[in-house]
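# from the sequence below, what's the structure:
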Amino acid sequence: MGEPATRAPGIPETTKSNQRLAILLAMAMAMAMAMFVLVVDTSLMNVSISAVVRDIGTTVSGVQSAIALEALVSAAFILIGSKVGDLIGRKLAYVLGLLGYAVGALAMAFAQSLTAIIVFWAVVGGLGASLLLPAMQSLIHGNFEGAAQKKAYALVGASAAIAAAVGPLLGGFVTTYLSWRVGFLFEVAVIAVVLSGIKLVHDVPYTGSRRVDVVGALLSVLAMGGIVLGILVWQEGGESVLAVLAIGVVALVLLVYWLRRRKRQGKPTLLDPDLFRSKVFEAGVTGQMLQQIALGGTMIVLPIYLQMVLEYNALKAGLSLAPLSLTMFAVAVVAGRRAAKRRPGAIIRLGFAILTIGLILLIPIVPRADSGWWLVVPLMIAGCGLGLLVSQLNNYTLSPISDERVSEAAGVNSAAGSFGLSFGLAFAGAIMLASLSLGFTNLATSSTVLSPAEQQQVSHALETDAQIMSNTELEKQLAGHPEKTQNEIIRINTDARHLALQVALLIPILAGGLGLLNSFRMMRLPGPEPSGAGEDMVLG
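Numbers count the residues shown, from 1 in each chain. I've put the predicted structure just below:
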C-alpha cells in the first residue's frame, strides 16, 4: 500500500500517523460521495418520470426504457470495466467513470429529446458506472488495511444506503419546487467536488496478467445485453424480439463454455470460472441478482402507479416511496450490527420471505387506493425484507473469497446485481405495457357503450402505441367526443391500468419467491467462513 504522506524531518511519528489517517479518511469520504451520486441518480429519474415525459414530449415507456438501458449498459460492461481498470490504472478508470457520469448528468440537465437521454445518460453514464464501481472497490481494497479497510467499506456502503433512503425525497423535492434538471446539475457539482480532491486518491498497481480475453469480453456483452435488450425491444413494439433474445441466451451458453475451456488451457479469462466452484458464492450471487430483480421491478411499477394513476407530483411520489427506502436503511443498519450471532443464510431467508409478503399485500390494494397512505404498511414490510437482504447478501457472497480474488469476485457480484436491476426494470415495464394493451382491448371490445367503430379505433391505437396514461391526459385527448364515450373510455383506462400494475407486480413477487427458495439452499450449505477482506466488502 502506497504511503499517502511522506515523513518530513523532525515531524513526530504520531503527527505523521494523524496526517495519513486524515488523508485516508478524506479519500474514503470522496468515494462515499461518488457512491451517493450513483444511487441518487436512479432515484431522481424514477420519481421524475411524469415531469420528464411532460417536459421533453416523450412517453412513459420511453423513459422506462432509458432507465433500464442505463442499468443494462452498466451490467453488460462491468466485467470489461474491471479489466480496463487493471490495464490503464484503477485511479484513471475511477476518474473516467466519474466523468462519464458527469456527462450523462449534464446531458440530462439540458436534454430536449429522449434520444439525448438514451445516448448520454443511459449509454455514456452506464459506461461510466461500469468503470467506476470496480475501480472504487479495487482502490479501497488496495489503499486500506485491517480496521481502516472495514471502516472505508462501511462508509461507502452507508452512503449508498443513505442515498437509497433520501434519494426519492430529495429528487421529489427538487423536481417539484425547482426542476428535475436542477437535480442532475447537483450531481455534476458533487462530481466536481470529488474530482477536485482526486490527488488524495493513490493508485493501486495491478500485478496480474495483462493479456485480454477479447472473446470472453464480447460474449459477456452479448449475453447480458441481448437478454435485456430483447425485452426492451418487445416493450417498444419492435421486431426480431426472439432473435435478440436468442442471441443473448446463446452468447451466455458460449461464455460459460469459453471460460471453462480457457481455464483448462491455462490462458487468461475474463473471469475465473472456478469462483463458482464455491457453492456459497454461487448461491450468494444468485440471491443478489434476484434481490435486484425484485427491487428493479418494484421501483419501476410504483413510481408509475403514483404518478400516472394517483397523479402525484414528484414530491408526493417520493414521500409515498419513503416508507420503503427509510425502513430498508434503518433495518440494514440494525441488522448489520446485531446479526453477528445468527447464520447469514437464515437472515437472508427471512428477508426474502418478508419482502415477498410485503409485495403480495400490494396486489389487492392497487385498485382500491386513492392515496399513498394505503401503501405505507406493505412498503414498510417490504423495506424490512430488503434491509435484511442488504445487510447480509454481499458479505455472505464474498466472505469465502480470498484476498487475491476478492476484487474479481466483487466484480461478478456487482455484474449480477446490475443485470438483475436492469432485467427487473425492463421485464416489469414490458409486462405492464403488454397487460395494459390486452386489458384495454378486452374491456373495450366487451363494452356496451362503445360502438363497434370506436372499439376498433381503440384496438388499432393500442397496436401502435400502448402506454400508461393518466386520466387527466386522456380527458384532454378525448375532448370533443360525446360525454358518454369519454366516461366509458376513462373507466376502461382506470380498470386496465390497475390490472396492468397488478400483473407487473408479479415479477418482483416471483423474484422474491425464487430468492426464498434459493435461501433454503443456503441453509443446507455450511455457513461461510470469512477469508480476508471479503467479509468487509459491502458494495453491491
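# can we go C-alpha only for contacts and neighbour counts from here?
Fine.
# how about residue 295, what does it touch?
421, 424, 508 (CA atoms under 8 Å, 6 or more residues apart in numbering).
# same check, this time on residue 100
Residue 100 is in contact with 124-129, counting by CA under 8 Å, 6+ apart.
# narrow those to those in helices?
Those of the contacts of residue 100 mapping onto helices are 125-129, per DSSP state H.
# could you flag which of the residues you listed are buried?
When those are checked for burial by 16 or more other CA atoms under 10 Å, the buried set is 125-129.
# distance to residue 102 and pLDDT for the residues you listed - can I get that in JSON lines?
Below are those laid out as JSON lines (distance: CA to CA, whole Å; pLDDT from 0 to 100):
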{"residue": "125", "distance to residue 102": "8", "pLDDT": "88"}
{"residue": "126", "distance to residue 102": "11", "pLDDT": "87"}
{"residue": "127", "distance to residue 102": "12", "pLDDT": "89"}
{"residue": "128", "distance to residue 102": "9", "pLDDT": "88"}
{"residue": "129", "distance to residue 102": "11", "pLDDT": "85"}
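# closest to residue 112 out of those?
Residue 112 has its nearest neighbour among those in residue 125, at 17.3 Å by CA to CA.
# give me the distance from the helix or strand containing residue 435 to the chain's centre.
Element membership for residue 435, per DSSP states H and E: helix 406-445. Centroid separation between helix 406-445 and its chain, computed with CA atoms, centre = their mean, to the nearest Å, is 11 Å.
# pull out the buried residues from that helix.
Using 16+ other CA under 10 Å as the burial criterion, the residues of helix 406-445 that qualify are 406-441, 443-445.
# repeat that for stretch 182-199.
Residues of stretch 182-199 classed as buried by neighbour count (16+ other CA under 10 Å): 182-188, 190-191, 194-195, 198.
# same thing with stretch 372-390?
Neighbour-count burial for stretch 372-390 flags 372, 375, 378-390 (criterion: 16+ other CA under 10 Å).
# the buried ones among the ones in helices among the contacts of residue 100: which two are farthest apart?
Farthest-apart pair in these is 125 and 129; separation 6.3 Å (CA to CA).
# spit out the residues that contact the two alike.
100-101.
# sorry, back to before: just put the contacts of residue 295 in a markdown table and tack on distance to residue 107 and pLDDT.
As requested, those are exported to a markdown table (distance: CA to CA, whole Å; pLDDT from 0 to 100):
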| residue | distance to residue 107 | pLDDT |
| --- | --- | --- |
| 421 | 23 | 81 |
| 424 | 25 | 86 |
| 508 | 31 | 94 |
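# which one among those residues gets closest to residue 59?
Distance ranking of the contacts of residue 295 against residue 59, using CA to CA, places residue 424 first at 19.4 Å.
# I'd assumed residue 506 was in contact with the closest one.
No: the pair residue 424 / residue 506 is not scored as a contact, 11.0 Å apart, by CA atoms under 8 Å.
# send the alpha carbons of stretch 376-392 over as PDB?
Only the C-alpha atoms of stretch 376-392 are listed here, as PDB (Å, rounded to 0.1, in the frame of the first residue of the first chain):
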ATOM      1  CA  VAL A 376     -47.400   2.600   3.900                       C
ATOM      2  CA  VAL A 377     -47.700  -0.700   5.700                       C
ATOM      3  CA  PRO A 378     -46.900  -3.000   2.700                       C
ATOM      4  CA  LEU A 379     -43.900  -0.800   1.800                       C
ATOM      5  CA  MET A 380     -42.600  -0.900   5.300                       C
ATOM      6  CA  ILE A 381     -42.900  -4.700   5.400                       C
ATOM      7  CA  ALA A 382     -41.100  -4.900   2.000                       C
ATOM      8  CA  GLY A 383     -38.500  -2.400   3.200                       C
ATOM      9  CA  CYS A 384     -37.800  -4.600   6.300                       C
ATOM     10  CA  GLY A 385     -37.100  -7.500   4.000                       C
ATOM     11  CA  LEU A 386     -34.800  -5.500   1.700                       C
ATOM     12  CA  GLY A 387     -33.000  -4.200   4.700                       C
ATOM     13  CA  LEU A 388     -32.200  -7.700   6.000                       C
ATOM     14  CA  LEU A 389     -31.000  -8.700   2.500                       C
ATOM     15  CA  VAL A 390     -28.800  -5.600   2.000                       C
ATOM     16  CA  SER A 391     -27.200  -6.200   5.400                       C
ATOM     17  CA  GLN A 392     -26.200  -9.800   4.600                       C
END
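# can you give the distance from it to the centre of its chain?
In this view, stretch 376-392 has its centroid 16 Å away from the chain centroid, taken as CA atoms, centre = their mean.
# excluding chain neighbours, what is closest to residue 436?
Of all residues not flanking residue 436 in the chain, residue 500 sits nearest, at 4.9 Å (CA to CA, 6 or more residues apart in numbering).
# residues contacting that neighbour?
431-436, 439.
# at 7 Å instead, please
The contact partners of residue 500, taken as CA atoms under 7 Å, 6 or more residues apart in numbering, are 432-433, 435-436.
# quick one, phi psi at residue 78?
Per-residue torsions, residue 78: phi -70, psi -40 (degrees, to the nearest 10).
# sorry, that was for residue 268
Recorded main-chain torsions at residue 268 are phi -60, psi 140, according to degrees, to the nearest 10.
# now the spatially closest residue to residue 195 that is not a sequence neighbour: how far from residue 306?
Nearest non-adjacent residue to residue 195, counting by CA to CA, 6+ apart: residue 95, 7.3 Å away. To residue 306, residue 95 is 37 Å away according to CA to CA, to the nearest Å.
# more neighbours: the two, which one.
Using other CA atoms under 10 Å, the more surrounded residue of residue 95 and residue 306 is residue 306, with 23 against 20.
# just checking, residue 255 touches residue 214?
No: using CA atoms under 7 Å, residue 255 is not in contact with residue 214; the gap is 11.5 Å.
# how close does the spatially most central residue of the chain get to residue 213?
Centroid check for the chain by CA atoms, centre = their mean gives residue 421 as the closest residue, at 4.3 Å. Using CA to CA, we find residue 421 at a distance of 26 Å from residue 213.
# residue 526 now?
Noted for residue 526: a distance of 34 Å to residue 213, by CA to CA.
# who's more crowded, those two?
Neighbours per residue, other CA under 10 Å: of residue 526 and residue 213, the larger number sits with residue 213, 18 against 11.
# what residues are up against that one?
Taking CA under 7 Å, 6+ apart as the test, what residue 213 contacts is 268-270.
# what's the closest of the residues you listed to residue 167?
residue 270 (34.1 Å).
# what is the burial count for residue 282?
Neighbour count of residue 282, defined by other CA under 10 Å: 16.
# help me confirm that it comes into contact with residue 288.
No: using CA under 7 Å, residue 282 is not in contact with residue 288; the gap is 9.9 Å.
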